[in-house]
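Q: For reference, the sequence and a predicted model appear below.
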Protein chains: 2
Amino acid sequence: MPEVRARGKTANQILSRLSRADFGLLEPHLEAVDLPRRKQLEARKKRIDQIYFLDAGFASVVANGSGKRQIEIGLIGREGMTGLGVIMGNDRATHETFMQAAGNGQRMSAARLREADEQSSTLHRTLLRYAHTFMVQTAQTALANGRSKIEERLARWLLMASDRLDGDDLPLTHEFLAIMLGTQRPGVTIALHSLEHAGLISTSRGNVTILDRKSLMETSNGTYQAPEA
Amino acid sequence: MPEVRARGKTANQILSRLSRADFGLLEPHLEAVDLPRRKQLEARKKRIDQIYFLDAGFASVVANGSGKRQIEIGLIGREGMTGLGVIMGNDRATHETFMQAAGNGQRMSAARLREADEQSSTLHRTLLRYAHTFMVQTAQTALANGRSKIEERLARWLLMASDRLDGDDLPLTHEFLAIMLGTQRPGVTIALHSLEHAGLISTSRGNVTILDRKSLMETSNGTYQAPEA
DNA sequence: GGTCAAATGTGCAAAATCGTACAATTGGAG
DNA sequence: CTCCAATTGTACGATTTTGCACATTTGACC
């Protein structure tokens, strides 16, 4: 049987919503790949060679400052893709992007994507719309970082992460969460306990399970926005 | 004499760097406008009707959260424009944008800009490149908000503001700065005094003057990036 | 079933920031 | 010149977060 990848074969929301024609532009170049945890998808200041459309798992986009200051500015799951720089005319990555929860996706060369992007204005518009979504997410992050307490930001982050996974089990260590939120690791431990005591989550070594999504949203105090927006 | 607006007639860096042809697409629709302080250029959730290319002064883009939580996510000066949503396929504004330091600029209808943007791919690419720049600025803001002290963020902000004005005099009240940085107003007063005692700035009612740009950059502790990047 | 590195729990003093209140001052309007 | 509202200076307890340090637990591997 021929190796034809149907549009419906991917869980990636950008790909699966493309028109048949637009998908046809990309399809010959797509390659299914496994994406283990910590796999780097983009490296700061390095040329973007490959574009990843995620089907499962999620990646973090992290900005680095002086010293070891770093903080997450966005999450990418099956709703999105890496390589926005390519779409927007900058072929070098500004930030680090790496898998945070293992999964898989479709990969293609950045050059090929650029070609397809130039050929189809409808494809281009679709990709741009996602870029805009990501921009809004980053802005929300800036707001949360500046005006919210750790517990609120943690609640927001857990919700965003679970949106990008199938279940409510999030494979995360406190250490990782601390880096994502840009705080001390013990602060994360405290905040997680607080949420756990309130019955919103349960935790075990390297794992957080969301129990009460609704209350978590309240705890996030307006910093979390439903993904459809 | 005919009222022809030459490309060189505007200080806006996007417009002045356009090819003759691309500028020709926009020029018939541009209208010089005065932009007083607090003039709103975009309103959250409202349709974007007009696009502004700034020639002087600068605008703040502010994200709002629950209650009165708000924080600035970006500055726009003569290097930029408003209405990125239109370029990226979203005709409603996500954030508030208003003039922070009075100035002037060129205005045109969003519909006309969209038309021109669709006609010329070189114009489109130019606008997109600015959108990417703004995205990076927002990401830097998220980093600074999450990992920097008020004094560092203040130094960063003053530098960014002065990049977008001609002189080193910034017409700003503590109150406004507090909103921009997302902190308490007294905190700004303290931080300004600290910078003033160190000889980096001088202040008077409603005004901050930058005296030592270089030291300010050091104080910002890596959060400020030179505008050319 | 023992070992070890990773992950988590906990404590605590220092620093930063918040939240709020109120006094002092300044410059423009009348 | 006088008045007044906006702006700035200052204070202070409460809260949050930092920055360490160290004890404990867990689970994979041997």
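A: Okay, I see it. None of these values were measured; they are calculated from a predicted model.
Q: is any part of stretch A:160-176 close to chain B?
A: No - between stretch A:160-176 and chain B, judged by Cβ under 8 Å from any Cβ of the partner chain, nothing touches; the nearest distance is 13.9 Å. Placement of C-beta: from N, CA and C, glycine included.
Q: I'm curious whether that stretch, anywhere along its length, sits up against DNA strand D.
A: No - Stretch A:160-176 lies out of reach of DNA strand D by Cβ under 7 Å from any atom of the strand, never closer than 10.9 Å.
Q: Also stretch A:216-229?
A: No - using Cβ under 7 Å from any atom of the strand, we find that stretch A:216-229 stays clear of DNA strand D, coming within 11.6 Å at best.
Q: so where does A:A101 fall, helix or strand?
A: For A:A101, the enclosing helix or strand under DSSP states H and E is strand A:96-109.
Q: name the helices or strands packed onto the next helix or strand after that strand?
A: Using DSSP H and E, the helix or strand that directly follows strand A:96-109 along the chain is helix A:110-119. Judged by 3 or more Cβ pairs under 8 Å, 6 or more residues apart in numbering or on different chains; DSSP states H and E, the packing partners of helix A:110-119 are helix A:20-26, strand A:50-64, helix A:84-87, helix A:121-147.
Q: what sits against the nearest residue to A:R37 once chain neighbours are set aside?
A: Leaving out its chain neighbours, the residue that sits closest to A:R37 by Cβ to Cβ, 6 or more residues apart in numbering or on different chains is A:A102, at 4.5 Å. By Cβ atoms under 8 Å, 6 or more residues apart in numbering or on different chains, A:A102 lies in contact with A:L35, A:P36, A:R37, A:G57, A:P171.
Q: Check those residues for burial and list the buried ones.
A: Applying 16 or more other Cβ atoms under 10 Å in any protein chain shown to the contacts of A:A102, the neighbour count classes A:L35, A:G57 as buried.
Q: And the contacts of A:A102, which is closest to DNA strand D?
A: Of all the contacts of A:A102, DNA strand D sits closest to A:P171, with 11.4 Å by Cβ to the nearest atom of the strand.
Q: Would you mind giving both backbone torsions of the residue nearest the centre of chain A?
A: In chain A, the C-alpha nearest the mean C-alpha coordinate belongs to A:I76, at 1.5 Å (Cα atoms, centre = their mean). Main-chain dihedrals, A:I76, degrees, to the nearest 10: phi -130, psi 120.
Q: Counting neighbours, what do you get for whichever residue of chain A sits closest to DNA strand C?
A: Using Cβ to the nearest atom of the strand, the closest approach of chain A to DNA strand C is made by A:T173 at 3.3 Å. By other Cβ atoms under 10 Å in any protein chain shown, 14 other residues sit near A:T173.
Q: distance of the nearest residue to it once chain neighbours are set aside from B:M108?
A: Once flanking residues are discounted, A:T173 sits nearest to A:G206: 5.3 Å by Cβ to Cβ, 6+ apart. Remark: distance between A:G206 and B:M108 (Cβ to Cβ, to the nearest Å) = 54 Å.
Q: and those two? which has more neighbours close in?
A: B:M108 (20 against 12).
Q: Which residue, other than its chain neighbours, is closest to A:E79?
A: Spatial nearest neighbour of A:E79, excluding adjacent residues (Cβ to Cβ, 6+ apart): A:Q13 at 4.8 Å.
Q: So what touches the worst-scoring helix or strand of chain A on mean pLDDT?
A: Lowest mean confidence among the helices and strands of chain A (mean pLDDT, DSSP states H and E): strand A:169-170, at a mean of 92. Strand A:169-170 is contacted from outside by A:A101, A:L158, A:A161, A:S162, A:N207, A:V208, A:T209, A:I210, using Cβ under 8 Å, 6+ apart.
Q: so does it get close to DNA strand C?
A: No - using Cβ under 7 Å from any atom of the strand, strand A:169-170 stays clear of DNA strand C, with a minimum separation of 10.7 Å.
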